[in-house]
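Student: task: produce atomic coordinates for the following.
(chains A, B, C and D)
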Number of protein chains: 4
Amino acid sequence: MNKLLVINTGGTFNKRYNEQTGTLDVAQDNKAILDILNKCARGNLKIDIKGIIFKDSLKIDDDDREEMVETIGKYDKILIVHGTDTMDETAKFIESKIKDKLVVLTGAMHPYSIDQIEATSNFMIGLSFLQTYENTGVFISMHGLVKEHEKLIKNRDLGIFQCQE
Amino acid sequence: MNKLLVINTGGTFNKRYNEQTGTLDVAQDNKAILDILNKCARGNLKIDIKGIIFKDSLKIDDDDREEMVETIGKYDKILIVHGTDTMDETAKFIESKIKDKLVVLTGAMHPYSIDQIEATSNFMIGLSFLQTYENTGVFISMHGLVKEHEKLIKNRDLGIFQCQE
Amino acid sequence: MNKLLVINTGGTFNKRYNEQTGTLDVAQDNKAILDILNKCARGNLKIDIKGIIFKDSLKIDDDDREEMVETIGKYDKILIVHGTDTMDETAKFIESKIKDKLVVLTGAMHPYSIDQIEATSNFMIGLSFLQTYENTGVFISMHGLVKEHEKLIKNRDLGIFQCQE
Amino acid sequence: MNKLLVINTGGTFNKRYNEQTGTLDVAQDNKAILDILNKCARGNLKIDIKGIIFKDSLKIDDDDREEMVETIGKYDKILIVHGTDTMDETAKFIESKIKDKLVVLTGAMHPYSIDQIEATSNFMIGLSFLQTYENTGVFISMHGLVKEHEKLIKNRDLGIFQCQE
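Tutor: The predicted structure follows:
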């Protein structure tokens, strides 16, 4: 099984403005990801995309995490788009359940619909790492870095994922 | 010497609209790169940026390529922003002169000033690869792929760098 | 007194994304307006800008409206940037207090920071009308129309200000 | 005949980047105008759009201007999107041929595809003026102003249409 799998769980990455309510809601679709792939990869990558859960990460619970694990199935290289607030918890959960695969979690501080390039960078670096890294583990791709998940920590005051080494 | 070096030689990546002449000119500065790093890396990467040559790649000659080699100096990991039309020739030239370093060339089909995300993706994937790849060589980062330079070829009809393996 | 006055009271027009809270907040500044004037009017218009109140229009009360009236002072031609939900109430209040002046209210369904052109169109049409209309009254500039305030009504289901004539 | 007519003749307003040639070409379609109307007018305006000529204004000749006059036909209120370099000449030509109608010429210094809001402002102010002005004549809508064509002159050094009164 050579294809990459992208699991889209929602999060800030996928928020869009709702004129009726005046709020930013997690879009229940993969439009942001498809737009990025269309412009940046231009057909070069063989990817399956599965949209599930579609939640703000503060509302992600272990049932949702179990659903992510089941969705991974037989794929070996997986990118998960996830809200930033509980990305660390999901990473630990997945690491406890899945061995011998390469999993990268990514997301964004700014919705793709408001500022396109931070989300694009986090996402595309994650996809690239899946292709070039030859080992297994659970990683996070944020703000120019890809690190084992426990080393890349969200600094909530600054809004930056920073390396703890 | 641990810092990454970015050499900005211009190319479509750096073109901006000139109202006086009605043309797209190669900007003689690093604004596009600094904007990308500011939003996407948020201070995480230690990088030196050197802007030289600032040409459309059809006008790059071997004197320019020699200047690139000299600019690399003692750095070990180098990203070169370059026009797409002669990226392959510059890659060969650099490979003939430089061993034991990791060099990635990148660029864009669309100016960053017109469509931000293709340029951002090519550039940030290149920077990420420099950090995570543990060997040497001359690579190209374009359209979601990082490959040894002779394997990633511009398809001029489609406007896509495609893998020849 | 020939200068136009722009009173910026906030509203959706001025909302910006706050990474720390994940919410869209009314910016407490005139940056959106200054950006529009800089790019679209290019120094052609003599305008004073006064930023006051800076609220979502659902929170605007009669004390705020009284403050708007006082801010108008001796100016004869005034554009008020206001949230869309209570724009009609503020228009009525101002009409009851101010005669012999030309007042236009405007705003946006989409924050300027998310979709620039709807806000720009509503705002610049309002400014243009102030210059070319030679009578007095209280008007609304929204979605390509400038009409006496009681004739241009927000259709909440569609998110469009529509003409009732 | 109550509908407004928009005649789209091309110009910088309609230029888009061509990846194959690396040039900005005048798009042979009305996409920029339709995008502006869709977001800014939201169905409020009854407009017919006719795309003709599609040239850089330096290449507009009197045959083209004659075609514009014929295209106007029985419409009474007409907005012409035109390149900025010869907008003044076309305005004079139309004034010599057409009486008893209201014609506004507009355009942009920056292509809509590169910087959306200057083009949007010029265009939408022109449309608004057609609706609210109750006399006839040939006008120019640029950079926040709508003036009789001979009073609004392009300052080529600054790239601004300025009022000569």
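
Student: any idea which strand is longest in chain A?
Tutor: Secondary structure of chain A per DSSP state E: the longest strand is strand A:47-55.

Student: tell me the bridge partners for the residue nearest the centre of chain A.
Tutor: The centroid of chain A falls nearest to A:Val81 when counting by CA atoms, centre = their mean (2.1 Å). Beta-bridge partners recorded for A:Val81 (DSSP bridges): A:Asn8, A:Thr106.

Student: quick check on the nearest residue to A:Val69 once chain neighbours are set aside: phi, psi?
Tutor: If the residues on either side of it in the chain are set aside, A:Val69 comes closest to A:Lys97, at 5.0 Å by CB to CB, 6 or more residues apart in numbering or on different chains. In short, each C-beta sits where N, CA and C put it, glycine included. Dihedral pair for A:Lys97: phi -110, psi -30, per degrees, to the nearest 10.

Student: which parts of chain A sit against chain D?
Tutor: For chain A, the contact set with chain D under CB under 8 Å from any CB of the partner chain is empty.

Student: phi, psi of the residue lying farthest from the centre of chain A?
Tutor: When distances to the mean C-alpha position of chain A are computed (CA atoms, centre = their mean), the maximum falls on A:Gln20, with 28.0 Å. Backbone torsions of A:Gln20, given as degrees, to the nearest 10, read phi -60, psi -40.

Student: by how many degrees do the longest helix belonging to chain A and strand A:47-55 diverge?
Tutor: Taking DSSP state H as the criterion, chain A has its longest helix at helix A:116-132. If you take axes from the mean of the first three to the mean of the last three CA atoms, to 10 degrees, helix A:116-132 sits at 130 degrees to strand A:47-55.

Student: next up, identify which helix or strand A:Ser96 is on.
Tutor: Using DSSP states H and E, A:Ser96 falls within helix A:87-97.

Student: the residue nearest to A:Val69: neighbouring residues, count only.
Tutor: Look at A:Lys97: counted by other CB atoms under 10 Å in any protein chain shown, it has 13 neighbours.

Student: go on, A:Lys151?
Tutor: Neighbour tally, A:Lys151, other CB under 10 Å: 14.

Student: OK, contacts around the closest residue to A:Ser121 other than its chain neighbours?
Tutor: Excluding the flanking residues, the one nearest A:Ser121 by CB to CB, 6+ apart is B:Cys40, at 3.7 Å. B:Cys40 is in contact with A:117-118, A:120-122, A:143-144, B:120, B:124, counting by CB atoms under 8 Å, 6 or more residues apart in numbering or on different chains.

Student: just the buried ones among those residues, please.
Tutor: Buried by 16 or more other CB atoms under 10 Å in any protein chain shown: A:117-118, A:120-122, A:143-144, B:120, B:124, out of the contacts of B:Cys40.

Student: ok, A:Met68 touching A:Ile80?
Tutor: Yes: proximity of A:Met68 to A:Ile80 meets the contact threshold set by CB atoms under 8 Å, at 6.4 Å.

Student: what touches both of those two?
Tutor: With contacts taken as CB under 8 Å, 6+ apart, the residues that reach both A:Met68 and A:Ile80 are A:7, A:9, A:90, A:94.

Student: farthest pair in those?
Tutor: Put simply, by CB to CB the two of the shared contacts of A:Met68 and A:Ile80 set farthest apart are A:Thr9 and A:Ile94, 11.7 Å from each other.

Student: between these two, which one's more packed in?
Tutor: Neighbours were counted for A:Thr9 and for A:Ile94 using other CB under 10 Å; A:Thr9 has more, 28 against 20.

Student: hmm, A:Asp56 and that one touching each other?
Tutor: No: with contact defined as CB under 8 Å, A:Thr9 does not count as touching A:Asp56 (9.9 Å).

Student: pLDDT weak spots in chain A?
Tutor: For chain A, the stretches with pLDDT under 70 are A:1.

Student: and A:Gly159, how many neighbours?
Tutor: A:Gly159: 15 surrounding residues under other CB under 10 Å.

Student: for A:Ser113, give me the backbone phi and psi.
Tutor: The phi/psi pair for A:Ser113 (degrees, to the nearest 10) reads phi -70, psi -20.

Student: hmm, I typed the wrong one, I wanted A:Ile153.
Tutor: Main-chain dihedrals, A:Ile153, degrees, to the nearest 10: phi -110, psi 140.

Student: grab the nearest non-local neighbour of it.
Tutor: Among residues not flanking A:Ile153 along the chain, A:Gln164 sits closest, at 5.2 Å (CB to CB, 6+ apart).

Student: contacts only, for the residue farthest from the centre of chain A.
Tutor: C:156, C:159.

Student: give me the distance between it and chain B.
Tutor: According to CB to the nearest CB, to the nearest Å, A:Gln20 and chain B sit 28 Å apart.

Student: closest one to chain C out of the shared contacts of A:Met68 and A:Ile80, please.
Tutor: Of all these, chain C sits closest to A:Thr9, with 15.9 Å by CB to the nearest CB.

Student: tell me which residues touch that closest one, please.
Tutor: Shown in contact with A:Thr9 (CB under 8 Å, 6+ apart): A:52-55, A:57, A:60, A:64, A:68, A:80-83.

Student: please apply the same query to A:Thr120.
Tutor: So A:Thr120 contacts A:36, A:40, A:112, B:40, B:116-117, B:120-121, B:124 (CB under 8 Å, 6+ apart).
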